[in-house]
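Colleague: I need the structure of the sequence given here:
(chains A, B and C)
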Amino acid sequence: MSGLRSAWRQAILGLLTFCVVTGAHAAPPQRVASANLCTDQLLLMLAAPEQIASISHLALDREGSYMAEQAKGYPINYGTTEELIALEPDLILVSQFNRQKNTEILRHLGYRVEAFATTESIAGIRSNIRQMAKLLEREPEGEALIADMDRRIAEITNDIQGEPLPALFYQPRGYTSGLKTLHDEALKLTGWRNISAEYGVIGYGAIDLETVLQAKPVQLFTSAYAPGTTSLAQQQINHPALKKVTKGKTLINIEYRYWICGGPMIVEAIEKLAKVRRQ
Amino acid sequence: MSLLQGNGISLALDGRAILDQVDITLQPGEMLGLIGPNGAGKSTLLKILIGLLSASAGEVRLDNQPLNSIPPNQRGRQIAYLAQEAAAHWPIQVERLVQLGRTPHLSSWQRLSGTDQQIVEQAMINTDVNSLRDRVFTTLSGGERMRVLLARALAVEPTILLADEPVAALDPAHQLEVMALFANHCQAGGSTIVVLHDLSLAAHFCDRLILLNKGQKVADDTPEAVLSEENLRQVYNIALRTPEDSGSPLHLPWIRVDQ
Amino acid sequence: MTQKLDTASRIEMPQGKLIALLSLLLTGLIVTSLFIGSNPIPVLKAISDSLQNNQSVIAIILTEVRLPRALIAALAGATLGMCGAIMQGLLRNPLASPGLVGSSSGAALGAVFVLYFGFSSLFWPALPLGGMLGSLLALLLVYLLAGRDASIVTLILAGVAINSLALAMISLLLNLAPSPYAVREIVLWMLGSVANHSLDHLWIMLPGTLLGWLLVLGSTRSLDALTLGEETAYSMGINVERLRWRLFLAVALAVGSAVSITGAIGFVGLVVPHLLRPLVGYMPGRLISVSALGGAVMLLTADIAVRLFPAGTEIKVGVLTSLVGAPFFLYLILKTRRTQL
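Modeller: Purely as a prediction, here's the structure:
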């Protein structure tokens, strides 16, 4: 039964493939469609405007997208296969971990699909920028972007002195960022010790309130999505014991859009963390 | 002056008259029987007399005061009510159940006093349930239960007892026993209104009978006068045999008659 | 069956002794719960620190994390136990409990509405008030649906209907809520948890809970009288209608406040009065204070058990009470069915 069905699918897909014109990549891509917030932002940073055929609707979301202003005016998509095909793109950008089924189908149909890895380090950001620049055949722009990012990070962090102070990112529901996260790297660059990494959290994971208190953090950060809304999860990060243990310091929100995608906007987060550290 | 009286009691539900202009009086020391076929309005009348239901017309007076002007506690101390198919919802001990009879005499915070307990003991002795005092109510037989419930009612020390078919579920021996307890209550100066189906018991124990039919009072007189051949044929569609036993007639429903 | 009931009455205990015993147990559990957390802390040192107003980390953990958790568990448990005893006494139905008659899920619905749509940040009493209102409405709906002197089956069916309605509305509200975290919190509301609360939460739930408890005071004799049915209770001078409203209001105030903080923790109000009833000789009035203590003991025990699971498992206390309570509920249904036959 299922064999029959997949045979049908093969046949239909083959027929469609035959109909699609697949050109050779002699010239830089002229119609790039991005189906993912992270590729949207790198695309907006590096591409010539006329290269951009479409970006995802998330690129316009002020809270999640660092490039929301620049994203205005481009056609948007919701990442569905039909939409993407209708755009007649010569390059489709997706995330490695999202909608893998769609990616598979698009490739099967003969489209050029490039997947980007999620970045959890500044080195990863550099390699994603280079990947994007290469695809767009705009390598000089890519290198300039990287150089600018590196220069700004160095400027911000070179005057940070003294013992690293204990801190952590405390997210709704008691989640935190441990080793191998952008948060961890940014904290360490700006003169903080990441309590969660020391406690043994790798990647993103939960940390217990008592554990947080016992580590005596000097400052708590969060990068919660949708500030101003309420839920039990969000109440948890405002537990009065945390304020007491940090001697009255309130939780500082470092905007979600600097972290959700790895990109040069990490500089903004580092700048904020450094500013708090200097005080 | 009568102790408890209802004047022109009427009650209509959904346009149907349950009671229609019924007058009823109860004198001190009197045992009044309320008889009539099913659906005649006996239980309803009893509920109106204690204020459980309000009449659509007419007035109930207790000690010549309008019943609804009397504070609930005071009414509760004067009138005890034995509901039809009365039961306890939890398996509580007999003594505790009888003690509940002191409720109208106690405020929310008062504990049972020595005097209260004496009254409870006396009620249990009078109803012969003293030996059951540690038993659980729900494990008792029907006759035992009725006696315990009566002990509870007597523990109120009421002047008036209203009982709704108290003997319906009892065997003859227990019926007599319970009726005798009502009679005792009246001999001791109290008054009783009892709803009955058994005409012999009604004739035997009651000083006066009221015969209700379809919400109307048909007769209100001595048992002999009320249980006339004419009344019974008209109201119950029955004929009686009334053999005499040491001078008093026995009322035995014998055959159905059609009018 | 009759034999069994007679023996049951023999395990009765003097009220004073029972209350003393349960209070002792409760105190012991509160102290024990102060010792249990994700990491061991020197509790005695923490107590002396907090008494000397020394803001050490261990003192903060003790007074701001562990103490509120223990007290909220005790307060919520006591409320549920007490309200279970009240509902069972008032409706003369062994299966009536805040969970069954809808007052818990109604309270959760009210609290969800207030919390997720930002009303509680405008005005803190909005949260418990929302809980109270939801609780009262659900209770009245079940009562109206089932009617007075409802049979056990009717009451359960009415309760199921209102509980399902409340659950559906809660999930709808959580889906519509602006917070992206809301949708995942349905479990917290339907099963209940006392974790991650602060003293602030304790202060939020305290006034309504205490007010509810106060309303119950002085109703014990009336509840005892109700054992003989509403008509007989009325004949003994009890204003049954007023008693009903007063106790409904009390349950709504207490359960509404407690559930708006802890979510609808199931089965405490059902199990506790049931287990304790033989010990008070089945007297509904005496059962109230005893069930309050028993409820606190049960919820605190469950919460301690939950905390003994390895860190990170995050089992909600309501999961445990329901795991214990649901089979107990089935057993009760079977038992009542047998008695009724």
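
Colleague: ok, and what's touching the helix or strand hosting A:Glu104?
Modeller: Secondary structure from DSSP states H and E places A:Glu104 in helix A:100-108. Here helix A:100-108 makes contact (C-beta atoms under 8 Å, 6 or more residues apart in numbering or on different chains) with A:13, A:17, A:35, A:79-81, A:84-85, A:92, A:94, A:113, A:115. All C-beta spots, glycine's among them, are computed from the backbone N, C-alpha and C.

Colleague: quick check: C:Ala199 vs chain B, distance?
Modeller: Just so we're on the same page, residue C:199 is Leu rather than Ala. Using C-beta to the nearest C-beta, to the nearest Å, C:Leu199 is found at 34 Å from chain B.

Colleague: quick check: closest non-adjacent residue to that residue.
Modeller: C:Pro68 (4.8 Å; C-beta to C-beta, 6 or more residues apart in numbering or on different chains).

Colleague: for the stretch 151-259 of chain B, give me the ranges with low pLDDT.
Modeller: Where the stretch 151-259 of chain B drops to pLDDT under 70, the residues are B:259.

Colleague: how about chain C?
Modeller: C:1-10, C:149, C:311-313, C:338-341.

Colleague: again, but for chain A
Modeller: Across chain A (using pLDDT under 70), the flagged ranges come out as A:1-26.

Colleague: re the thing from before, give me the element the residue nearest to C:Leu199 is part of.
Modeller: Using DSSP H and E, C:Pro68 sits within helix C:67-91.

Colleague: how far off centre is that helix?
Modeller: Between the centre of helix C:67-91 and the centre of its chain there are 4 Å (C-alpha atoms, centre = their mean, to the nearest Å).

Colleague: need the next SSE after that helix, C-terminal direction.
Modeller: Per DSSP H and E, the first helix or strand lying C-terminal to helix C:67-91 is helix C:103-116.

Colleague: and that next one with helix C:67-91, angle?
Modeller: Put simply, helix C:103-116 runs at 140 degrees to helix C:67-91, going by axes from the mean of the first three to the mean of the last three C-alpha atoms, to 10 degrees.

Colleague: helix C:103-116 near chain A anywhere?
Modeller: Yes. Applying C-beta under 8 Å from any C-beta of the partner chain, one finds helix C:103-116 touching chain A at C:115-116.

Colleague: show me what that helix is packed against.
Modeller: Judged by 3 or more C-beta pairs under 8 Å, 6 or more residues apart in numbering or on different chains; DSSP states H and E, helix C:103-116 is in contact with helix C:67-91, helix C:126-146, helix C:152-176, helix C:186-191, helix C:240-262.

Colleague: which strands or helices does the helix or strand just after that helix pack on?
Modeller: Per DSSP H and E, helix C:103-116 leads on to helix C:119-122 as the next helix or strand towards the C-terminus. Where contact means 3+ C-beta pairs under 8 Å, 6+ apart, helix C:119-122 is packed against helix C:126-146.

Colleague: can the helix it packs on be found next to chain A?
Modeller: No. For helix C:126-146, no contact with chain A is found by C-beta under 8 Å from any C-beta; the gap never falls below 10.2 Å.

Colleague: quick check: chain neighbours aside, which residue is closest to A:Ala206?
Modeller: In space, and not counting its chain neighbours, A:Ala206 is closest to A:Gly174: 5.2 Å by C-beta to C-beta, 6+ apart.

Colleague: what residues sit buried inside stretch B:57-67?
Modeller: Going by neighbour count (16 or more other C-beta atoms under 10 Å in any protein chain shown), the buried part of stretch B:57-67 is B:58, B:60-62, B:67.

Colleague: burial count for A:Glu50?
Modeller: 8 (other C-beta atoms under 10 Å in any protein chain shown).

Colleague: who in the stretch 151-279 of chain A is up against chain C?
Modeller: Contact residues, the stretch 151-279 of chain A versus chain C (C-beta under 8 Å from any C-beta): A:172-174, A:206, A:208-211, A:213-214, A:216, A:225-226, A:229-234, A:236, A:239-241, A:244-245.

Colleague: in helices only, show me the residues you listed.
Modeller: A:209-211, A:213-214, A:232-234, A:236, A:240-241, A:244-245 (DSSP state H).

Colleague: so how do I select the buried members of these in ChimeraX?
Modeller: A single ChimeraX command selects the buried members of those (16+ other C-beta under 10 Å):
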select /A:209,210,211,213,214,232,233,234,236,241,244,245
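
Colleague: picking that back up, and the contacts of helix A:100-108, which of them are buried?
Modeller: A:35, A:79, A:81, A:84-85, A:92, A:94, A:113, A:115.

Colleague: of the residues you listed, closest to C:Val240?
Modeller: Checking the buried ones among the contacts of helix A:100-108 against C:Val240 with C-beta to C-beta, the nearest one is A:Gly79 at 63.6 Å.

Colleague: which two among the buried residues of stretch B:57-67 are spaced furthest apart?
Modeller: Across the buried residues of stretch B:57-67 (C-beta to C-beta), the longest gap, 14.2 Å, separates B:Gly58 and B:Leu62.
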